[in-house]
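1. Output the structure for:
(one chain, ligands or ions: 1)
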Amino acid sequence: MERNGITTREFLIGDYDRAVVLWNDVEGVEICEGDSREEIRAYLERNPGLSRVAEENETIAGAVLCGHDGRRGFLYHLAVAPAFRGRGVGQLLLEDCVQGLSAAGIKRAIILVADDNSLGREFWLRNGWEDITGALPMARDVGGGTT
Ligand SMILES: CC(C)(COP(=O)(O)OP(=O)(O)OC[C@H]1O[C@@H](n2cnc3c(N)ncnc32)[C@H](O)[C@@H]1OP(=O)(O)O)[C@@H](O)C(=O)NCCC(=O)NCCS
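-> The predicted model follows:
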């Protein structure tokens, strides 16, 4: 997709280092388990084309991870570099993800927003996402290749 000089394209493993710099730079995104280079490589291979980067003149303006499990779509680590904010880059990345998930036959997508990220929450609400009422996110470690 292209808008206002910003182009979006598939997130490639070659973008990993620059994406990590971006994620480390912004408030509201936390690099965590599952985010090593090899884990992201596997994630991208499992969900071809769904994760996206936005660029202007080959500078990374934003990035997002996106995938699905065959039933629900998931978006992670949406971030736009501070110098590029307010120009629709976040929205462009979201549109790509929504289109990609829809084309894959997925009907609903889920994101997790840190409870202290009120600006992030406003962005999602503004872009058509809603709170999940009556549900609390829960998680546990399941090992993932370790014995
Ligand atoms: C949230 C973030 C991705 C928004 O990126 P962006 O490129 O500045 O957003 P856009 O320019 O595409 O904005 C799209 C729409 O959302 C609105 N919006 C953007 N940021 C907003 C905010 N903080 N509060 C309220 N509305 C916001 C814009 O006004 C625009 O709405 P409009 O089309 O009605 O004018 C960016 O601020 C960011 O990287 N934040 C830090 C990381 C983060 O919190 N990510 C989300 C993790 S859950």
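2. and the one helix or strand V53 maps to, what does it pack onto?
-> Secondary structure assignment for V53, by DSSP states H and E: strand 52-56. Secondary-structure packing of strand 52-56 (3 or more CB pairs under 8 Å, 6 or more residues apart in numbering; DSSP states H and E): strand 6-10, strand 59-68, helix 89-103. For the C-beta atoms, the positions are set from N, CA and C on the backbone; glycine is no exception.
3. how about the residues of this protein near the ligand?
-> Where the chain comes near the ligand, counting by CB under 6 Å from any ligand atom, the residues are 26-29, 78-80, 85-91, 111, 113, 117, 119-120, 122-123, 126-127.
4. can we see that at 5 Å?
-> By CB under 5 Å from any ligand atom, the residues of the chain that approach the ligand are 26, 28, 78-80, 85-86, 88-91, 113, 119-120, 122-123, 126.
5. Can you say which of the residues you listed are buried?
-> V26, G28, L78, A79, V80, G88, V89, G90, V113, G120, F123 (16 or more other CB atoms under 10 Å).
6. looking at this, the last one is in a helix?
-> So the one you mean is F123. Yes: judged by DSSP: H, G, I helix; E, B strand; the rest coil, F123 forms part of a helix.
7. Does it touch G90 like I think?
-> Yes: with contact defined as CB atoms under 8 Å, F123 and G90 form a contacting pair (6.3 Å).
8. Pick the most buried one from the helices and strands packed on strand 52-56.
-> Neighbour counts averaged per stretch over the helices and strands packed on strand 52-56 are highest for strand 59-68, at a mean of 22; criterion: mean count of other CB atoms under 10 Å.
9. Show me what that strand is packed against.
-> Applying 3+ CB pairs under 8 Å, 6+ apart, one finds that strand 59-68 makes contact with helix 16-25, helix 37-46, strand 52-56, strand 72-80, helix 89-103.
10. Kindly reformat these as a markdown table containing mean pLDDT and distance to A135.
-> Shown next, in a markdown table, are the helices and strands packed on strand 59-68 (pLDDT from 0 to 100; distance: least, CB to CB, whole Å):
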| stretch | mean pLDDT | distance to A135 |
| --- | --- | --- |
| helix 16-25 | 97 | 26 |
| helix 37-46 | 98 | 24 |
| strand 52-56 | 98 | 27 |
| strand 72-80 | 98 | 13 |
| helix 89-103 | 98 | 20 |
